[in-house]
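Asker: Provide a 3D model corresponding to the input given below.
(4 chains)
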There are 2 protein chains.
Amino acid sequence: MSQSDSHIVSCSNCGLNAICLPYSLSHSEMDIVDAKIKRTKPLQKNGSLFETGQTFTSLFAVRAGAVKTYNTDNKGNEQVIGFYLPGELIGLDAIESGQYHNTAKALETSSLCEIPFDQITELSQKISNLQIHMYRLLSKEIREDQELQLLLGKKTAEERIASFLFNLSQRYSARHLSATTFRLPMVRTDIANYLGLAVETTSRIFTRLQQQNILKADGKEVEILDHPKLCQMAHCEN
Amino acid sequence: MSQSDSHIVSCSNCGLNAICLPYSLSHSEMDIVDAKIKRTKPLQKNGSLFETGQTFTSLFAVRAGAVKTYNTDNKGNEQVIGFYLPGELIGLDAIESGQYHNTAKALETSSLCEIPFDQITELSQKISNLQIHMYRLLSKEIREDQELQLLLGKKTAEERIASFLFNLSQRYSARHLSATTFRLPMVRTDIANYLGLAVETTSRIFTRLQQQNILKADGKEVEILDHPKLCQMAHCEN
DNA sequence: CGGATGGTTGATAGTCATCAAGATGGGTGG
DNA sequence: CCACCCATCTTGATGACTATCAACCATCCG
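Answerer: The predicted structure follows:
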């Protein structure tokens, strides 16, 4: 295992990794950044990290568990905005206005790092690389949002579910976890909501994918049996 | 007119305004940034600013005219990603990967400013405020994308068109143009594509809005007759 | 054990896409 | 300057996809 790999798998600095990966800082730079990151206490399932309207102070990186962000309109309807897995960063949309625009809630007992934003601006003034990393992180989020835009605007229900599963697979894989067998941290309702579908439709498509031997699903446990076909269904370029 | 207003309406530094507004830099700081901005020659209608896959070098600010970004899948289908009006910034999604992820094309003869990104990173290292402005700009884009996500995931065709018109109205208004009477720079096909609808549906809803005396539309010229009702239709919070 | 939450399946209805065709309008060439 | 053509826009008829309503099953947990 190389030295940089040891940084990647070390659980103590997930927040650091979330910020710095996949763009490498020097180790001394990483240590400076690392020192600014707070370890927050674990968040219970359904516990909220922040709520809509609350003053923005920090970004949060998921160390373990999973988080969803959502907001509720005046009629009480929920709109799921995103799911965050270990190594991913929450709160980038709140920088501009200085307040969180949605509520972040733990889907299961989770562990998080808090990264005060003023520390980032201060540090990125000194560490040139960190500033560029931040630009890239924000830019990446924009690009991913645009892919979701395509999904919601053009794809059928089946394509949406396939894309969703494929996307999760890639994210787990990127974190050195199995790309084919994993546990969905969110309930079907959340998936449906996120993808702009009804729960029933989502459920039906899960069933259909199993009949086609593309997927094996037992509740939240899923196994992708035919990765190429799923990819094809999702209309991935790769 | 205050000095800062004179900066706002000055046409020579729209690129500067796109970057710096609505967060004020000092005038001396603005001048430093301004010096780095290139004025590109006008772009003819249907002329492309950059294309998918091209190496990312610069952000572009619209000075006059209008630009759309879109990409085409392997089957040749177009997906419109966004529309850019005077004062708005194009290319933020390309920072991460170093290449443009979509094609930008002028909807009408347009004038643009080119802002080399390496100049921004260099300058924002010196000018602390500029760095924060960049974070905010990127963050704002993320937040706006999330609103589009809600639109595409949850809203009906009527709500989408209403939201779209309301949004344009706000953007024109923010640039000191009429919030009620303006010219749509894009064709119906583009609007439909952007909103995840069929052209025919879009056309029908334009007709319906006129029957309800909410809108007056003559081709691309539109006049919002009942702003409150349009807002209500769009389910705006404000 | 019983209620609650989440998941699945079936029947029906509604919104919107699709197909088709006509209307409008701007631009170009004769 | 007019006529023609192509792109765009509009309107109508039909059908498909998916939401909705309803019922049932499974699982978890106090």
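Asker: give me phi/psi at the residue nearest the centre of chain A?
Answerer: Closest residue to the average C-alpha location of chain A: A:Tyr84 at 2.6 Å, with Cα atoms, centre = their mean. Phi and psi for A:Tyr84, reported as degrees, to the nearest 10, are phi -130, psi 120.
Asker: any idea how far A:Ile191 is from DNA strand C?
Answerer: 8 Å (Cβ to the nearest atom of the strand, to the nearest Å). Glycine gets a C-beta too; all of them are placed from N, C-alpha and C.
Asker: A:Ser48 now?
Answerer: Distance of A:Ser48 to DNA strand C, given as Cβ to the nearest atom of the strand: 15 Å.
Asker: Quick one: name whatever helix or strand follows the longest helix along chain A.
Answerer: Taking DSSP state H as the criterion, chain A has its longest helix at helix A:128-154. Next along the chain after helix A:128-154, taking DSSP states H and E as the criterion, comes helix A:157-174.
Asker: Find the helix or strand that the nearest residue in space to A:Ala198 that is not next to it in sequence is a member of.
Answerer: Spatial nearest neighbour of A:Ala198, chain neighbours left out: A:Ala192 (6.0 Å); criterion: Cβ to Cβ, 6 or more residues apart in numbering or on different chains. Per DSSP H and E: A:Ala192 is located in helix A:188-195.
Asker: repeat for A:Asp31
Answerer: helix A:27-34.
Asker: How far away from the center of its chain is that helix?
Answerer: How far helix A:27-34 lies from its chain's middle: 24 Å, per Cα atoms, centre = their mean, to the nearest Å.
Asker: tell me which residues in it are buried?
Answerer: Across helix A:27-34, burial judged by 16 or more other Cβ atoms under 10 Å in any protein chain shown covers A:29-30, A:33-34.
Asker: Quickly list what the residue nearest to the centre of chain A is bridged to.
Answerer: A:Val67 (DSSP bridges).
Asker: and the gap between it and B:Pro86?
Answerer: To B:Pro86, A:Tyr84 is 36 Å away according to Cβ to Cβ, to the nearest Å.
Asker: swap in A:Gly98?
Answerer: In terms of Cβ to Cβ, A:Gly98 sits 26 Å off from B:Pro86.
Asker: The two - which one has more neighbours?
Answerer: Using other Cβ atoms under 10 Å in any protein chain shown as the criterion, A:Gly98 and B:Pro86 rank with B:Pro86 on top: 22 against 12.
Asker: Phi, psi for A:Gln79 please.
Answerer: phi -130, psi 110.
Asker: can you pull the contacts of it?
Answerer: For A:Gln79, the contacting residues are A:70-73, A:193, B:149-150, B:153-154, by Cβ atoms under 8 Å, 6 or more residues apart in numbering or on different chains.
Asker: Not counting its neighbours along the chain, what's nearest it?
Answerer: Leaving out its chain neighbours, A:Gln79 is closest to B:Leu150 (Cβ to Cβ, 6+ apart), at 5.1 Å.
Asker: How is chain A partitioned into domains?
Answerer: A:3-141, A:155-233 (automatic domain parsing).
Asker: Quick check: next helix or strand after the helix holding A:Ala192?
Answerer: helix A:199-211.
Asker: Against which helices or strands is that following helix packed?
Answerer: Applying 3 or more Cβ pairs under 8 Å, 6 or more residues apart in numbering or on different chains; DSSP states H and E, we find helix A:199-211 packed against helix A:157-174, helix A:188-195, strand A:215-218.
Asker: Could you export those as a markdown table, including mean pLDDT and mean neighbour count?
Answerer: Below are these laid out as a markdown table (pLDDT from 0 to 100; neighbours: other Cβ atoms under 10 Å in any protein chain shown):
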| stretch | mean pLDDT | mean neighbour count |
| --- | --- | --- |
| helix A:157-174 | 96 | 19 |
| helix A:188-195 | 98 | 20 |
| strand A:215-218 | 95 | 15 |
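Asker: Quick one, which of those gets closest to DNA strand D.
Answerer: Closest of the helices and strands packed on helix A:199-211 to DNA strand D is helix A:157-174, at 3.6 Å (criterion: Cβ to the nearest atom of the strand).
Asker: Which strands or helices does the helix or strand containing A:Lys229 pack on?
Answerer: Assigned by DSSP H and E, A:Lys229 falls within helix A:227-233. Packed against helix A:227-233 by the contact rule (3+ Cβ pairs under 8 Å, 6+ apart) you find helix A:157-174.
Asker: just the angle between the helix it packs on and helix B:128-154, please?
Answerer: Helix A:157-174 runs at 140 degrees relative to helix B:128-154, counting by axes from the mean of the first three to the mean of the last three Cα atoms, to 10 degrees.
Asker: other SSEs contacting helix A:157-174?
Answerer: helix A:128-154, strand A:181-183, helix A:188-195, helix A:199-211, strand A:221-224, helix A:227-233.
Asker: Quick one: check it for contact with DNA strand D.
Answerer: Yes - if you take Cβ under 7 Å from any atom of the strand as the test, helix A:157-174 does meet DNA strand D, through A:157-158.
Asker: Outside of that helix itself, list whatever touches it.
Answerer: For helix A:157-174, using Cβ under 8 Å, 6+ apart, the contacting residues are A:85, A:87-88, A:151-152, A:155, A:178-180, A:182, A:184, A:191, A:194-197, A:201-202, A:205-206, A:208-209, A:215, A:222, A:224, A:227, A:230-231, A:233-236.
Asker: Quick one, which of those are buried?
Answerer: A:85, A:87-88, A:151-152, A:155, A:182, A:184, A:191, A:194-197, A:201-202, A:205-206, A:209, A:215, A:222, A:224, A:230-231, A:233-235.
Asker: which of those residues come close to DNA strand D?
Answerer: A:196-197, A:201.
Asker: which among these gets closest to B:Asn129?
Answerer: A:Gly196 (38.8 Å; Cβ to Cβ).
Asker: residues touching the closest one, list them.
Answerer: A:152, A:160, B:152-154.
Asker: Please repeat the previous calculation with a cut-off of 6 Å.
Answerer: A:152, B:153 (Cβ atoms under 6 Å, 6 or more residues apart in numbering or on different chains).
Asker: re the thing from before, any idea which of the domains of chain A scores lowest on pLDDT?
Answerer: Note on the domains of chain A: lowest mean pLDDT is at domain A:3-141, with a mean of 84.
Asker: Look at A:Thr52 and give its secondary structure.
Answerer: coil (DSSP: H, G, I helix; E, B strand; the rest coil).
Asker: count of neighbours near it?
Answerer: A:Thr52: 15 neighbours (other Cβ under 10 Å).
Asker: so it sits right up against A:Asn71, yeah?
Answerer: Yes - counting by Cβ atoms under 6 Å, A:Thr52 touches A:Asn71, with 5.5 Å between them.
Asker: Residues of chain A that sit close to chain B?
Answerer: A:79, A:81, A:92-93, A:95-96, A:101, A:121, A:125, A:128, A:132, A:135-136, A:138-143, A:145-146, A:148-150, A:152-153, A:196 (Cβ under 6 Å from any Cβ of the partner chain).
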